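Novice: whatever this is, show me its structure:
(chains A and B)
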Amino acid sequence: AQKITQTQPGMFVQEKEAVTLDCTYDTSDPSYGLFWYKQPSSGEMIFLIYQGSYDQQNATEGRYSLNFQKARKSANLVISASQLGDSAMYFCAMREAGGQCRFGAGTRLTVKP
Amino acid sequence: GAGVSQSPRYKVAKRGQDVALRCDPISGHVSLFWYQQALGQGPEFLTYFQNEAQLDKSGLPSDRFFAERPEGSVSTLKIQRTQQEDSAVYLCASSTHRDAAYEQYFGPGTRLTVT
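Specialist: Predicted coordinates:
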């Protein structure tokens, strides 16, 4: 069963503007972690941000923030002040306590100058 | 510092051949994951180790796929009698802890092409 859903195959944003990448998830495990990774065209997976299921506050890491809405089971990534170098595939992932980690299908972000 | 390394980086196999893909995790990392990433797709979970114990192999697509981590460090993913649908990038990742809270560090991947 699909546990991570990213409904936006592609997104465009103007340089210096903010963009939100959507992610919804499904789990019955009360303990889980949510992650966002960036994959540029070179192929490496770069960790961006983490949100724990018990965290009360939304995670932030520099220009990245995670809009965590637990009741709605959503974990959207917000990138502020987009830069040309932000153009890449972005993957949402969930790791449950048992160890499995599932990834979404990804969103390709293109930043326009 | 040393990150996760994988070898070979590229592998071309003829259909029916066996292949072995190696992953060297970050030293001391307890958890190790294998993923399969087809072109244009997200990584698909294959299997998970905690030290030398394979705790979850539910993502292995068939009994032609086998993974091991005998001493709790280096891991090998073996694919027997390769098929064209096995063509993908195989990613290995390691994590400091067994908990869900800890990020995974990914290797560069092995691109397998089955002809």
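
Novice: so what's residue B:90 closest to, chain neighbours aside?
Specialist: What sits nearest to residue B:90 in space, not counting adjacent residues and going by Cβ to Cβ, 6 or more residues apart in numbering or on different chains, is residue B:110, at 4.8 Å. In this view, the C-beta of every residue, glycine as well, is placed from N, C-alpha and C.

Novice: same question, residue A:94
Specialist: residue A:25 is the one closest to residue A:94 (Cβ to Cβ, 6+ apart), at 4.9 Å.

Novice: number of residues surrounding residue B:64?
Specialist: 14 (other Cβ atoms under 10 Å in any protein chain shown).

Novice: so what's it closest to, chain neighbours aside?
Specialist: Nearest to residue B:64 is residue B:80, by Cβ to Cβ, 6+ apart, at 4.6 Å.

Novice: for that neighbour, give me its contacts.
Specialist: By Cβ atoms under 8 Å, 6 or more residues apart in numbering or on different chains, the contact list for residue B:80 reads B:18, B:64-66.

Novice: now which of the residues you listed would you call buried?
Specialist: With burial judged by 16 or more other Cβ atoms under 10 Å in any protein chain shown, the buried subset of those is residue B:65.

Novice: what's the farthest-apart pair in the contacts of residue B:80?
Specialist: B:18 and B:65 (11.2 Å; Cβ to Cβ).

Novice: what do these two both touch?
Specialist: B:78-80.
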